[in-house]
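*Asks:* coordinates for the following, if possible.
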Amino acid sequence: MKQKKAYDNTDFMHSREARTLRILSEYMEPEKRFAEHRIQHTIVFFGSARIQAGDRGRLDLGRYYRTAEELAYNLALLGREMESQRGSGLHICTGGGGGIMEAANRGASRAGAETIGLNISLPFEQTANKYITPQLSFEFHYFFMRKLWFLYHAKAIIIFPGGFGTMDELFETLTLMQTRKLDKIRMPLLLHDRAFWEDTINFEKLIDYGLISPEDLHLFQYFETAEEGMSLLKQQVHDMIRSVDHYLDLKYPG
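*Replies:* Numbers count the residues shown, from 1 in each chain. Sure thing, here's the model as predicted:
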C-alpha cells in the first residue's frame, strides 16, 4: 500500500505533534489571501454577537446594530474612495459572526465593498454571516492567531457594547498599546456609548488604586453616533496610513 506524504496525512496533521504546523498555517494562509486581495488597511469592529437590529426592548439594544451598520457603510465608502485615488483603501473587518459583526459586514456590503470576517470554531454554533465577501471569510482554530490578524492590518478599532469576548478584545488591544507591543500607539480606539462603558467599567477607580496611569485613558475615545464616529476617524485613519508600515505593525521579542 502506497504511504501518504506527511502533509497529506490527516491523522498526523490533526495530532498534537503537528500543532506547530497548524499554527503556522493560520498565519501563512490568511497572509496569502490578504495579499491576493490587496488588503493593507482595515477598520476592525468588535461587539456582541447577541445584538440584533430588531432589539427594541427596554434598553433598545438594536440601536447599537443600526449605528454599527451605518458607520461601517460610511467607512466603506471612504475606503472605496481612497482605493480609487491611491490604489489601496480601507476594508471593514469583523469576527465574522452575528450581532455587531453582522451589522458592520452588512454596512460595508451595502456600500459595495469587499468585507472581511475572521470567524472561529467554537463548541457552540457560530457561523459566518452572509455579508462577508466569500474569498475573505476565514475560519480559525486558535484565538491568538485570529487576534493577530485582527490587529496586523488595523488602522482603527471600533468597539460596541458586548460581553466576555468583547471585553477580552478591548483589554488585549489596550494592553498592547499601553505596553507599546503594538507600534501603532496612536491608532484610534473608539468605544461606542460612553454611558454603557462608564457604567460597566470603572476606569477612574483603576487610576485611584494606582493600577493604571491617568494618561492611559487617552488610549481611547468615546462616540455616540455614526456621524460622530466618522468625524473622529476620518483624519486619524489617513494619518495612520501615512505613518505606519503594516509589515512592522507588531513587535515580537527575539
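*Asks:* please read off the pLDDT at I241 from the model.
*Replies:* I241 is assigned a predicted lDDT (pLDDT) of 84.
*Asks:* oh, that last question was meant for P161, not what I typed.
*Replies:* For P161, the predicted pLDDT is 98.
*Asks:* what residues are bridge-paired with the residue positioned nearest the centre of the chain?
*Replies:* Residue closest to the mean C-alpha point of the chain, counted by Cα atoms, centre = their mean, is V44 at 3.3 Å. Here V44 sits in beta bridges with C93, I157, going by DSSP bridges.
*Asks:* tell me how far it lies from T115.
*Replies:* Distance, V44 to T115, using Cβ to Cβ, to the nearest Å: 12 Å. C-beta coordinates here come from the backbone N, C-alpha and C atoms, glycine included.
*Asks:* any residues in contact with both of those two?
*Replies:* Shared contacts of V44 and T115, defined by Cβ atoms under 8 Å, 6 or more residues apart in numbering, comprise C93, T94.
*Asks:* now the strands for the stretch 101-250 of the chain?
*Replies:* Assigned strands in the stretch 101-250 of the chain, in chain order: 115-120, 137-140, 154-159, 189-192, 221-223 (criterion: DSSP state E, counting those that start in this stretch).
*Asks:* of all those strands, which one is nearest E31?
*Replies:* Using Cβ to Cβ as the measure, strand 137-140 is the one of these that comes nearest E31, at 11.2 Å.
*Asks:* partner strands of that closest one, parallel or antiparallel?
*Replies:* In its sheet, strand 137-140 lies beside strand 115-120 (parallel), with partners assigned from DSSP bridges.
*Asks:* all helices of the protein, in order?
*Replies:* Remark: helices assigned in the chain by DSSP state H are 10-13, 19-36, 62-86, 100-110, 143-152, 164-178, 194-200, 203-208, 226-243.
*Asks:* dump those into a markdown table; add mean neighbour count as well.
*Replies:* Formatted as a markdown table, the helices of the chain follow (neighbours: other Cβ atoms under 10 Å):
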| stretch | mean neighbour count |
| --- | --- |
| helix 10-13 | 12 |
| helix 19-36 | 13 |
| helix 62-86 | 20 |
| helix 100-110 | 28 |
| helix 143-152 | 18 |
| helix 164-178 | 17 |
| helix 194-200 | 13 |
| helix 203-208 | 12 |
| helix 226-243 | 16 |
